[in-house]
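here is the input, now give the coordinates:
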Amino acid sequence: MISVTRESSAPADRLWAVMSDVRHWADWLPTVDAVTPREPDRPDEVGASYTVKQPGLPTAVWTITGREEGRSFTWESTSPGIRSVGTHTLRPAADGRTTIELGIEWSGLLAPLLRLALGRMSTDYVTREAEALDATAMADAGA
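Numbers count the residues shown, from 1 in each chain. Model (predicted):
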């Protein structure tokens, strides 16, 4: 599993507003070109699916499989021989800071090959995503 943790001085509710709005990720994430809901009128809830285009990666369909409002969401993408799970978690602290935890995990017959082929790039992407989330939430909060 690729996992990145980043401390933020942004409050969890501000981070959540940015992180959970997947339809607008391409506006602030350098690792995402487009996120298109497959059912535009459906809320961003468990079962909602999106076509995601990222630089250097094949277009994939991601479906929300878990969501704890204000706290976390998980989504999954499958293709022959591979299952990808993306995790997005916020852990608020008593001092008003928030820990951002982002990760991606692959399973299936082709997972070892995918880790070999995309491991470094994926680590870079997840790291950049945590940084961009923090920066966007701080900018939106006027910090």
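
which regions of this protein sit below the pLDDT cut-off?
Where the chain drops to pLDDT under 70, the residues are 141-143.

list the buried residues in the helix ranked longest in it.
For the chain, the longest helix by residue count, based on DSSP state H, is helix 111-140. The neighbour-count check on helix 111-140 (16 or more other C-beta atoms under 10 Å) flags 114, 118, 122, 125-126, 129-130, 132-134, 136-138 as buried. Bear in mind the C-beta positions are built from the backbone N, C-alpha and C, glycine included.

and the residue positioned nearest the centre of the chain, backbone torsions?
Centrality entry for the chain: nearest residue to the mean C-alpha point is His88, 5.4 Å, by C-alpha atoms, centre = their mean. The phi and psi values for His88, taken as degrees, to the nearest 10, are phi -140, psi 110.

that one contacts Ser72, correct?
Yes - the criterion here is C-beta atoms under 8 Å, and His88 meets it with Ser72 at 6.1 Å.

quick check: next helix or strand after the helix or strand where Arg14 lies?
Using DSSP states H and E, Arg14 falls within helix 12-19. Later in the chain than helix 12-19, the nearest helix or strand by DSSP H and E is helix 25-28.

got the buried residues for that following helix?
Buried, per 16+ other C-beta under 10 Å, within helix 25-28: Trp25, Ala26, Trp28.
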